[in-house]
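Participant: What follows is a predicted protein model with its sequence.
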Amino acid sequence: MVQQQLILEDNNIIDIYFRQVSKYRTIKHVEVIRLSKIILDNTNVIYKGVSQTRLRIASILDLKERISEWIEPDNDILPLVRRLNKIKKVIDKAWLNNKEIWGISKLKNKIDICMTDVERAKKSLILANLRLMDS
């Protein structure tokens, strides 16, 4: 009886999952390329913004050094997004501790705008992949 109830609960969970996933549309290859390009273009803007900043804050100087070592872009989107999130955390912390320094707000705002686009594109790719698993 208990085992049968667990099986029924598992099936209900699976049904709920498939109903939720079916709400999202599949995307064409062209759309995958467009979303990936959004992520890569914003990555380049973030890297360039951090690399070219003249801010003399220790954490940002360390970040600039690390970015210069990342010559080749990561071909996998999720590790790349994780790296961008780390950059954002460093910049956010530097901004909190140095709001009075000219230029830090401008850099933070640029990164925030880019990260919004990156997160939106990443979410679309993930949802589309979930939908593909359902198909």
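Facilitator: Good, I have the coordinates.

Participant: what about Ile14, distance to Asn129?
Facilitator: Distance, Ile14 to Asn129, using Cβ to Cβ, to the nearest Å: 18 Å. Heads up, the C-betas are built off the backbone N, CA and C, glycines and all.

Participant: higher neighbour count, these two?
Facilitator: Asn129 (14 against 10; other Cβ atoms under 10 Å).

Participant: Now do the same for the more buried one: its pLDDT.
Facilitator: In this model, Asn129 is scored at 74, pLDDT.

Participant: Can you list the helices and strands that the one helix or strand it maps to packs against?
Facilitator: Applying DSSP states H and E as the criterion places Asn129 in helix 104-134. Applying 3 or more Cβ pairs under 8 Å, 6 or more residues apart in numbering; DSSP states H and E, we find helix 104-134 packed against helix 2-21, helix 29-52, helix 77-97.

Participant: starting at the chain centroid, how far to the longest one?
Facilitator: Distance of helix 29-52 from the chain centroid (Cα atoms, centre = their mean, to the nearest Å) equals 10 Å.

Participant: From Ile126, how far off is the most centrally placed residue in the chain?
Facilitator: Taking Cα atoms, centre = their mean as the criterion, Val81 is the residue nearest the geometric centre of the chain, at 3.8 Å. Distance, Val81 to Ile126, by Cβ to Cβ: 10 Å.

Participant: With Thr53 instead?
Facilitator: In terms of Cβ to Cβ, Thr53 sits 31 Å off from Ile126.

Participant: Okay, now the unreliable bits of this protein?
Facilitator: Scanning the chain for pLDDT under 70 picks out 1-11, 17-18, 21-22, 24, 71-75, 131-135.

Participant: sorry, back to before: export the helices and strands packed on helix 104-134 as a markdown table, with columns for distance to Asp112.
Facilitator: Shown next, in a markdown table, are the helices and strands packed on helix 104-134 (distance: least, Cβ to Cβ, whole Å):
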| stretch | distance to Asp112 |
| --- | --- |
| helix 2-21 | 30 |
| helix 29-52 | 10 |
| helix 77-97 | 8 |
